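Turn this into a model:
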Amino acid sequence: MADGTARLPPAVRAGEDRFGAPREFLNGRFTCKVSARDTNGALCIYDTYRFRPGGPPQHVHFAQDEWFLILEGEFKFQVGNETLVLQAGDSILGPRGVPHAFRSMTETARMMIAFQPAGTMEAFFAAELLDPLSREFKELSRQHGMDVVGPPLGA
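Numbering: from 1, shown residues only. Okay, the predicted model is just below:
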């Protein structure tokens with residue numbers, strides 16, 4: 001700004017999206033809380049609401065760490081060879097280069113997900129919803145720095 005102060009991003013209220021455009025993706029709604037545009041690409045954070053059990057296929061990020069904080073419900077995670085069940089207050093890191101997947105285990109659930117660096121995750125979540133087992137989903141993942149390496153986690 002002209003007076004030398006940086007323009008800060010606005011507060012994002014509970015249940016709202018940073019840009020007023022929450023996304024439906026796989027089994028839930030994703031609301032952006034911190035955008036890559038706010039951090040010069042260093043970070044993006046999503047609040048995710050899960051409407052039914054399920055999750056993405058096992059995947060690996062080539063250049064991003066993915067961090068999860070469980071807010072409500074119960075989630076099963078596989079990171080590398082380790083499988084854990086996490087509940088509200090628990091967190092786990094999916095380091096770049098390590099295959100990981102998760103599955104919401106309860107009818108409704110909620111967790112925060114952070115990507116560092118942000119990469120093109122916002123564009124990935126804005127894409128048309130595809131069957132996560134399809135070749136098109138695998139190609140979309142590759143376009144955004146990920147590789148699908150296995151099926152979604154079972155119950």
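
host element of the residue nearest to Ser91 when sequence neighbours are not counted?
Using C-beta to C-beta, 6 or more residues apart in numbering and skipping residues adjacent in sequence, the residue nearest Ser91 is Leu69, 4.5 Å away. (Glycine included, C-beta is placed from N, CA and C.) Using DSSP states H and E, Leu69 sits in strand 65-72.

Can you tell me the element Thr106 falls in?
Going by DSSP H and E, Thr106 is not in any helix or strand.

What are the boundaries of the strands in the chain?
For the chain, applying DSSP state E gives strands covering 23-25, 28-34, 44-50, 57-61, 65-72, 74-79, 82-87, 91-94, 100-104, 109-116, 146-152.

Any idea how many residues pack against Gln142?
Small correction: residue 142 is Arg, not Gln. For Arg142, the count of nearby residues is 12 (other C-beta atoms under 10 Å).

brain fart, Pro117
17.

Could I get the contacting residues of it?
The neighbourhood of Pro117, defined by C-beta atoms under 8 Å, 6 or more residues apart in numbering, consists of Ala36, Gly41, Ala42, Leu43, Ala63, Gln64.

try 6 Å this time
Residues near Pro117 by C-beta atoms under 6 Å, 6 or more residues apart in numbering: Gly41, Ala42.

how far off strand 57-61 does the helix ranked longest in the chain point, in degrees?
What stands out as the longest helix in the chain, according to DSSP state H, is helix 135-143. Between the axes of helix 135-143 and strand 57-61, defined by axes from the mean of the first three to the mean of the last three C-alpha atoms, to 10 degrees, the angle is 20 degrees.

Mind checking the pLDDT average for helix 135-143?
Helix 135-143 shows an average pLDDT of 93 in the prediction.

Over to stretch 43-55?
Rounded mean pLDDT across stretch 43-55 is 95.
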